[in-house]
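Enquirer: build the 3D model from these lines:
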Amino acid sequence: MKTNVIQNAFKFAFPRTLPVLTGYVFLGITYGMLMSTQGFPVWLPTVTAFVIYTGSMEFLMVSILASSFHPLSAFATAIMVGARHLFYGISMLSKYRNMGWKKFYLIYTTSDETFSVNYSAVIPDTIDRGWFYFFVSLLDQLYWVIGATIGSLFGSLITIDLRGLDFVMTAMFTVIFLQQWLKDGTNPRTMLRDHISELIGILGSAACRLLFGPDRFMIPSMLVILTVLLIFRKPIEKNIDGKEARS
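Expert: Numbers count the residues shown, from 1 in each chain. Below you'll find the predicted structure:
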């Protein structure tokens with residue numbers, strides 16, 4: 001019985017990670033190639049892909065390791081790059097509750113894409129939620145590690161232009177957002193009520209981008225979104241409860 005539960009969770013999780021596979025493998029190859037061209041050992045991209053599971057920070061780490069090393073500066077950079085995961089963690093508190101030993105691994109492997117898949121997934125009662133979250137997290141990490149390994153081993157042999165493939169991640173987030181929008185309703189008369197969370201995210205991000213610029217708007221926009229969501233928490237929860245009662 002236990003084996004069937006695990007197998008069913010894996011079969012349900014794997015297809016939902018395929019968009020991440022497409023993006024992570026090619027981004028990982030790019031990372032592995034970059035490390036290789038900077039003269040680092042062939043094994044280092046694989047190890048860092050396992051240990052430092054924050055894609056943006058790994059690319060920055062190449063220049064950090066290639067230049068004079070300043071521990072405090074590297075630490076501050078890592079904190080700033082990974083600060084967005086604080087908001088992911090808050091959002092996943094209820095979903096990752098009572099997960100036992102899996103919870104520690106789920107926290108460790110909460111990347112942007114893994115968060116998006118796990119948070120938006122509609123999991124049937126026949127699928128174990130803990131094992132589903134675990135396999136999504138595990139598969140996504142393996143995709144990244146495999147890509148980094150391929151890039152480090154065969155980077156010098158790859159001659160195709162990989163620029164632009166990172167747009168796969170943007171496309172995936174767009175599809176997830178649209179699925180959530182359709183799920184919350186398409187009635188124009190109730191758009192403001194049904195899509196208040198999405199609208200807060202769009203308007204908050206747009207305002208912060210105008211104020212702080214494209215390179216510095218991420219953390220301010222998350223703070224704005226979190227603050228506004230907390231302010232409107234009761235009406236949002238009331239609307240969600242009303243939808244569940246109607247369904």
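Enquirer: every contact and neighbour count from this point should use C-alpha atoms.
Expert: Noted.
Enquirer: which element is residue 200 on?
Expert: Assessed by DSSP states H and E, residue 200 sits inside helix 196-212.
Enquirer: which other residues reach that helix?
Expert: 181, 192, 216-218, 220-222, 224-225, 228-229, 236 (Cα atoms under 8 Å, 6 or more residues apart in numbering).
Enquirer: quick one: buried ones out of these?
Expert: Using 16 or more other Cα atoms under 10 Å as the burial test, the contacts of helix 196-212 include 181, 217, 218, 220, 221, 222, 224, 225, 229, 236 as buried.
Enquirer: which among the residues you listed gets closest to residue 106?
Expert: Of all those, residue 222 has the smallest distance to residue 106: 21.4 Å, by Cα to Cα.
Enquirer: tell me which element that closest one is part of?
Expert: Judged by DSSP H and E, residue 222 forms part of helix 218-231.
Enquirer: got a list of what residue 182 touches?
Expert: Not one residue lies near residue 182 by Cα under 8 Å, 6+ apart.
Enquirer: what secondary structure does it sit in?
Expert: helix (DSSP: H, G, I helix; E, B strand; the rest coil).
Enquirer: identify the farthest-apart pair in the buried ones among the contacts of helix 196-212.
Expert: Maximum distance among the buried ones among the contacts of helix 196-212 (Cα to Cα): 25.0 Å, for 217 and 236.
Enquirer: what is the neighbour count of residue 90?
Expert: Look at residue 90: counted by other Cα atoms under 10 Å, it has 10 neighbours.
Enquirer: got a list of contacts for the helix holding residue 222?
Expert: 83, 84, 87, 197, 200, 201, 204, 205, 207, 208, 209.
Enquirer: can you list the domains in this structure?
Expert: Structurally, the chain divides into domains by automatic domain parsing as follows: 2-164, 185-247.
Enquirer: check those for me: which has the lowest mean pLDDT.
Expert: In terms of average pLDDT, domain 185-247 trails the rest of these, at a mean of 76.
Enquirer: from the contacts of helix 218-231, list just the buried residues.
Expert: Judged by 16+ other Cα under 10 Å, buried ones among the contacts of helix 218-231: 84, 197, 200, 201, 204, 205, 208, 209.
Enquirer: so which bits of stretch 3-16 are buried?
Expert: 6, 9, 10, 12, 13.
Enquirer: swap that for stretch 97-105, please
Expert: For stretch 97-105, the neighbour count (16+ other Cα under 10 Å) marks residue 103 as buried.
Enquirer: quick check: end-to-end length of it?
Expert: Across stretch 97-105, the terminal residues are separated by 13 Å (Cα to Cα, to the nearest Å).
Enquirer: circling back to that earlier point, deepest-packed of the domains of the chain, please.
Expert: Most buried of these by mean neighbour count (mean count of other Cα atoms under 10 Å) is domain 2-164; its value is a mean of 17.
Enquirer: for the record, mean pLDDT for the strand or helix carrying residue 178?
Expert: Counting by DSSP H and E, the element that carries residue 178 is helix 167-184. Averaged across helix 167-184, the pLDDT comes to 67.
Enquirer: so how far is residue 102 from the closest residue in space to residue 88 that isn't next to it in sequence?
Expert: In space, and not counting its chain neighbours, residue 88 is closest to residue 115: 6.7 Å by Cα to Cα, 6 or more residues apart in numbering. For residue 115, the distance to residue 102 (Cα to Cα) stands at 15 Å.
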